[in-house]
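Colleague: dropping the sequence and predicted coords here.
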Amino acid sequence: MYSSMTTNYHYKGLTDAQVLESRKKYGSNVLTPPKQEPLWKQYLEKFGDPLIIILMITGVLAISVSCYEFWGLHESKAVFFEPIGIFVAIFLATGLAFYFEKRGEKGANELKKNEDDDPVGVIRNGNAIEIPRKDVVVGDILVIQTGQEIPADAELLDSVSLHVDESTLNGESDPAYKSADKKDMDANASYPTNHLMRGTKVMEGHGYCRVFAVGDDTESGKVSEAAQIDNSIKTPLNEQLDGLGDLITNISYVLRQQLSWQNYLCISIGLR
């Protein structure tokens, strides 16, 4: 589409030499993937799930009861079937969760790689061409059209009826009006009216913009990095499950103490 548009633009864009210089100075337009922990550590993290903790507590209690029934009441080894089944369920649940998580991560990484290769319209050497999204550099002039996802943070140079969905960054459902005209600036907007942010989507209109940040230096790159650093935030569901786990732990402790006391009484009576 863009390769056929080879004549006189008001915007000349970068030259090949300027592209190389910009990439060397500011880097490529890709986000640094999160640091991966060893697989064994990722698997062990599955045992921190509140439901798994509850199952493990139940399994320990079941083993205690089975030991008492086998050695104290002289019942058959069949009393150990229940606790064994609980721990089989635990390892099966954590193993399947780990497997599907790894498979999901692989699919997400492949999708992200494909997104980095998506074509983007830019003006270079005075010509409108298409390049992979990952090859966008600071200083590039982008050709913005309806339905396009913005590949990097950029400043508008010119636009017509441009509205952009910024919900991926600010959570607002209504598309934001964008304009290069200073008189259209909205002081209450989440992001400057003349700025287009990476990962947002053009819902209406078209225009031209100049890239001022790529990769990790973009707003979405900073959000992604912050999310990797602060992983202590819990959802309301996780908080409720944690509370339930604490409650069951306390109840289990009380029941275990009572069971130990009953065993002591039984042994004492038997000795008498």
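Modeller: Happy to help now that I have it.
Colleague: doesn't S224 belong to a helix?
Modeller: Yes: counting by DSSP: H, G, I helix; E, B strand; the rest coil, S224 is found in a helix.
Colleague: residue contacts, it?
Modeller: L31, D216 (C-beta atoms under 8 Å, 6 or more residues apart in numbering). Just so you know, the C-beta spots here come from the backbone N, C-alpha and C atoms, and that holds for glycine as well.
Colleague: what does stretch 74-92 contact?
Modeller: Against stretch 74-92 from outside (C-beta under 8 Å, 6+ apart): I52, L55, M56, T58, G59, A62, I63, V65, S66, E69, F70.
Colleague: nearest to F98 among those?
Modeller: I52 (11.5 Å; C-beta to C-beta).
Colleague: burial count for that closest one?
Modeller: Using other C-beta atoms under 10 Å, the number of residues around I52 comes to 18.
Colleague: for it, give me its contacts.
Modeller: K46, I90, A93, T94.
Colleague: just the ones of the contacts of stretch 74-92 in strands?
Modeller: Of the contacts of stretch 74-92, none are assigned to strands by DSSP state E.
Colleague: restricted to helices, list these.
Modeller: I52, L55, M56, T58, G59, A62, I63, V65, S66 (DSSP state H).
Colleague: show me the contacts for A176.
Modeller: Counting by C-beta under 8 Å, 6+ apart, A176 has contacts H163, V164, D165, E166, A189, S190, Y191, T193.
Colleague: could you redo the last one with a cut-off of 6 Å?
Modeller: V164, E166 (C-beta atoms under 6 Å, 6 or more residues apart in numbering).
Colleague: go on, V202?
Modeller: Here V202 is in contact with I144, T146, Q148, V164 (C-beta under 6 Å, 6+ apart).
Colleague: quick one: the residue nearest to it when sequence neighbours are not counted and L156, what's the gap?
Modeller: Leaving aside its chain neighbours, V202 sits nearest to Q148 (4.9 Å; criterion: C-beta to C-beta, 6 or more residues apart in numbering). According to C-beta to C-beta, to the nearest Å, Q148 and L156 sit 14 Å apart.
Colleague: the two - which one has more neighbours?
Modeller: L156 (21 against 18).
Colleague: quick check: chain neighbours aside, which residue is closest to the more buried one?
Modeller: A180 (4.0 Å).
Colleague: does that neighbour touch E155 like I think?
Modeller: No: when contacts are counted by C-beta atoms under 6 Å, A180 is not listed as touching E155 (7.9 Å).
Colleague: wait, a strand at V122?
Modeller: Yes: counting by three-state DSSP, V122 is located in a strand.
Colleague: need phi/psi at the closest residue to it other than its chain neighbours.
Modeller: Counting by C-beta to C-beta, 6+ apart, D140 is the residue found nearest to V122 once chain neighbours are left out, at 5.0 Å. Main-chain torsions, D140, degrees, to the nearest 10: phi -60, psi 150.
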